[in-house]
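S.K.: Dropping the sequence and predicted coords here.
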Amino acid sequence: MNYHMSVKTELEKIAKNHDLRIGGSIINEANLFVLDGSNYRQIPTQPGCYFIFSTLEESDIHTWSDYQFYNNSLIHKGGRNYRCIYNGTIGSKGLRQRVAEHLVNSATISRAMANPSACKLCTTGSMSLEGIKQQDWDQLFNSNNFLRTAVQHFQDPRKLPASSKVRYDDMYRLANGINITEPRWAEHKFAVITLTFDVPDFRKFVEHPFRSVNGGGKPPLCNK
């Protein structure tokens, strides 16, 4: 599941010395950890990089760019096809908490609507797969002071490019994170590959080379 990169010397050579290709020595079937909603606790708590894969089809997800990277990122495991939908880095918060915010989130829109005054929607990250309708947002906004200062953290679906096959014409904002244990995700699988490091400044040595060596572009749910 996790791959530890030792970069004590010559940091600039990390992209050359470590194989970041899809299907290579790191981003491969053996290191792809399929999540079930509870086993995320096996994910390391250290800082690092993470790569989220899913069996979602192209028609199931929106994109902030195009689907080039998605189509170039196939990993076959357990009779299912997984493709990279998001990647990111995290510092002191740690990989386990970050992945949980994305995929095992306790504050999804459905849970927030069940208790509007108490539930705080997640404002970290941009891995969005659910929309928030205007009337639901208004109810949450009026019931929860938290949203009045956090609105800038929720993406506007009207800004999606024309290349996106999924549109949210009836939605006001996109929620951050999902909970894969909810029924709507039952037919899909989600998995992650994590990389830990022994130095804090690692993003430029992995994230950008990872994207460029796999044909350029970025995973569809990444907006930067």
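M.R.: Good, I have the coordinates. Residues are numbered from 1 along each chain as shown.
S.K.: use CA for all of it now, contacts and neighbours both
M.R.: Noted.
S.K.: could you pull out the helices for this structure?
M.R.: Here the chain has its helices, by DSSP state H, at 14-17, 68-71, 95-103, 109-114, 134-143, 145-150, 203-213.
S.K.: Deepest in the core, which of the ones you listed is it.
M.R.: helix 95-103 (a mean of 22; mean count of other C-alpha atoms under 10 Å).
S.K.: and that helix, what's its mean pLDDT?
M.R.: Model confidence over helix 95-103 averages 94 on the pLDDT scale.
S.K.: before we move on, back to that, Arg158: which of the helices of the chain is closest?
M.R.: helix 134-143 (12.7 Å; C-alpha to C-alpha).
S.K.: Could you list every helix and strand that that closest one packs against?
M.R.: Here helix 134-143 touches helix 109-114, helix 145-150, strand 171-174, going by 3 or more C-alpha pairs under 8 Å, 6 or more residues apart in numbering; DSSP states H and E.
S.K.: closest to Ser73 out of the ones you listed?
M.R.: It is, among the helices and strands packed on helix 134-143 and with distance given as C-alpha to C-alpha, strand 171-174, at 24.5 Å.
S.K.: ranges for the strands of this structure?
M.R.: All strands of the chain, identified by DSSP state E, fall at 2-5, 33-34, 48-54, 75-77, 80-90, 131-133, 171-174, 190-197.
S.K.: could I get those strands as a markdown table with mean neighbour count and mean pLDDT?
M.R.: Conversion of these to a markdown table gives the following (neighbours: other C-alpha atoms under 10 Å; pLDDT from 0 to 100):
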| stretch | mean neighbour count | mean pLDDT |
| --- | --- | --- |
| strand 2-5 | 16 | 72 |
| strand 33-34 | 20 | 98 |
| strand 48-54 | 24 | 95 |
| strand 75-77 | 16 | 97 |
| strand 80-90 | 22 | 95 |
| strand 131-133 | 20 | 92 |
| strand 171-174 | 20 | 92 |
| strand 190-197 | 23 | 93 |
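S.K.: about what we covered before: can you tell me which of the helices and strands packed on helix 134-143 the model trusts least?
M.R.: Among the helices and strands packed on helix 134-143, helix 145-150 carries the lowest mean pLDDT (a mean of 71).
S.K.: So the chain: which segments form each domain?
M.R.: 2-103+181-213, 109-174 (automatic domain parsing).
S.K.: Return the residues in contact with Ala112.
M.R.: 118-121, 140 (C-alpha atoms under 8 Å, 6 or more residues apart in numbering).
S.K.: Top of the residues you listed by number of neighbours, please.
M.R.: Neighbour counts for those (other C-alpha atoms under 10 Å) peak at Leu140, which has 24 neighbours.
S.K.: tell me which helix or strand of this protein sits lowest on mean pLDDT?
M.R.: Least confident helix or strand of the chain, by mean pLDDT, DSSP states H and E, is helix 14-17 with a mean of 60.
S.K.: Nearest to Asn71, out of the helices and strands packed on helix 134-143?
M.R.: Nearest to Asn71, of these and by C-alpha to C-alpha, is strand 171-174 at 23.5 Å.
S.K.: who's in contact with the closest one?
M.R.: Contacts of strand 171-174 (C-alpha under 8 Å, 6+ apart): 128-134, 137, 154-157.
S.K.: Dump those into JSON lines; add distance to Gly78 as well.
M.R.: Output for these, formatted as JSON lines (distance: C-alpha to C-alpha, whole Å):
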{"residue": "Ser128", "distance to Gly78": "26"}
{"residue": "Leu129", "distance to Gly78": "24"}
{"residue": "Glu130", "distance to Gly78": "27"}
{"residue": "Gly131", "distance to Gly78": "30"}
{"residue": "Ile132", "distance to Gly78": "33"}
{"residue": "Lys133", "distance to Gly78": "36"}
{"residue": "Gln134", "distance to Gly78": "40"}
{"residue": "Trp137", "distance to Gly78": "39"}
{"residue": "Phe154", "distance to Gly78": "35"}
{"residue": "Gln155", "distance to Gly78": "34"}
{"residue": "Asp156", "distance to Gly78": "36"}
{"residue": "Pro157", "distance to Gly78": "34"}
